[in-house]
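> sequence and computational prediction follow.
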Amino acid sequence: NAGVMQNPRHLVRRRGQEARLRCSPMKGHSHVYWYRQLPEEGLKFMVYLQKENIIDESGMPKERFSAEFPKEGPSILRIQQVVRGDSAAYFCASSPYSGSGHTEAFFGQGTRLTVV
Amino acid sequence: AQSVTQLGSHVSVSEGALVLLRCNYSSSVPPYLFWYVQYPNQGLQLLLKYTSAATLVKGINGFEAEFKKSETSFHLTKPSAHMSDAAEYFCAVSSNTGNQFYFGTGTSLTVIP
């Protein structure tokens, strides 16, 4: 059973370009979380999704950022018109939901975005 | 509302010494608590979790943590530090009704030879 797969591992974008980060959850997991980690900082929650549904996007910046988790295919975190401040490591995690609560979140290796 | 506070962003211990990383939580419902470890340029790996069973939880690599409701704490310990324990450690809280895992800001552990 493969773990959470994120790609690409490293992404370089020029200011103003779009960045697309992909996350394939573990098999059988229907819940995906996206976190951002800035240097010397902890993990900041961005968004929580189920398939075809955004559950909680309270951590998403109001502009330029969007996320989706379609019925088929990976979850996508999209950043439009990137700026230098978007440079960070973006982690995806997935979790199964048993009906009685969440178990632990399983993390991917992250995508390190560098905006030049 | 739920949150965690990790006291001490950097901790240094000598090889063979006790490791103690502090985590205090805030939760209005019974919490689920987690410790994760992150090695450089890697994702987070689960060390251990508390989900309302035994209050003393044993994890991987010789780590353990004790849930103390009266102190709202879930400190991580290891009797004897190894060089390979040098990493970033994150405490997190969730609940059986919550949507999110709330993470602390992390504690960077340095092990001195």
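Looks like it came in fine.

> beta partners for the closest residue to residue B:43 other than its chain neighbours?
Closest residue to residue B:43 apart from its sequence neighbours, by CB to CB, 6 or more residues apart in numbering or on different chains: residue A:107 at 4.0 Å. All C-beta atoms are positioned from the backbone trio N, CA, C, and that covers glycine. On the basis of DSSP bridges, residue A:107 takes part in beta bridges with residue A:93.

> what do you get for residue B:32?
Beta bridges link residue B:32 to residue B:94, judged by DSSP bridges.

> pLDDT on stretch A:109-116, on average?
In this model, stretch A:109-116 has a mean pLDDT of 96.

> how far away is the nearest residue to residue B:51 once chain neighbours are set aside from residue B:102?
By the measure of CB to CB, 6+ apart, the closest residue to residue B:51 outside its immediate chain neighbours is residue B:32, 5.0 Å from it. In this structure, residue B:32 and residue B:102 are 11 Å apart, going by CB to CB, to the nearest Å.

> what does chain A put close to chain B?
The interface of chain A toward chain B, taken as CB under 8 Å from any CB of the partner chain, is made up of A:4, A:6, A:33, A:35, A:41-43, A:45, A:48, A:55-56, A:91, A:93, A:95, A:100-110, A:112.

> residue contacts, the residue most central in space within chain B?
Within chain B, one residue has its C-alpha closest to the average C-alpha position: by CA atoms, centre = their mean, that is residue B:35, at 3.5 Å. Neighbour list for residue B:35: B:21, B:23, B:46-49, B:59, B:63, B:65, B:74, B:76, B:89-92 [criterion: CB atoms under 8 Å, 6 or more residues apart in numbering or on different chains].

> tell me where the model's unsure across the chain.
Chain wasn't specified; assuming chain A. Along chain A, the model assigns pLDDT under 70 to residues A:1, A:97-102.

> to clarify, I was referring to chain B.
Applying pLDDT under 70 to chain B flags residues B:95-99.

> re earlier: which element, helix or strand, includes the closest residue to the residue nearest to the centre of chain B other than its chain neighbours?
The shortest distance from residue B:35 to any non-neighbouring residue, by CB to CB, 6+ apart, is to residue B:47 (4.3 Å). Per DSSP states H and E: residue B:47 is located in strand B:44-50.

> picking that back up, number of residues surrounding the residue nearest to residue B:51?
As a burial measure, the neighbour count of residue B:32 was computed by other CB atoms under 10 Å in any protein chain shown and equals 22.

> go on, the one 5 residues further on?
When neighbours are counted by other CB under 10 Å, residue B:37 registers 21.

> for beta bridges, what are the partners of it?
Each beta-bridge partner of residue B:37 is listed here: residue B:45, residue B:89, as defined by DSSP bridges.

> residues contacting the residue nearest to residue A:79 when sequence neighbours are not counted?
Closest residue in space to residue A:79, ignoring its immediate chain neighbours: residue A:19 at 4.4 Å, by CB to CB, 6+ apart. When contacts are counted by CB under 8 Å, 6+ apart, residue A:19 touches A:11, A:13, A:78, A:79, A:82, A:86, A:113, A:115.
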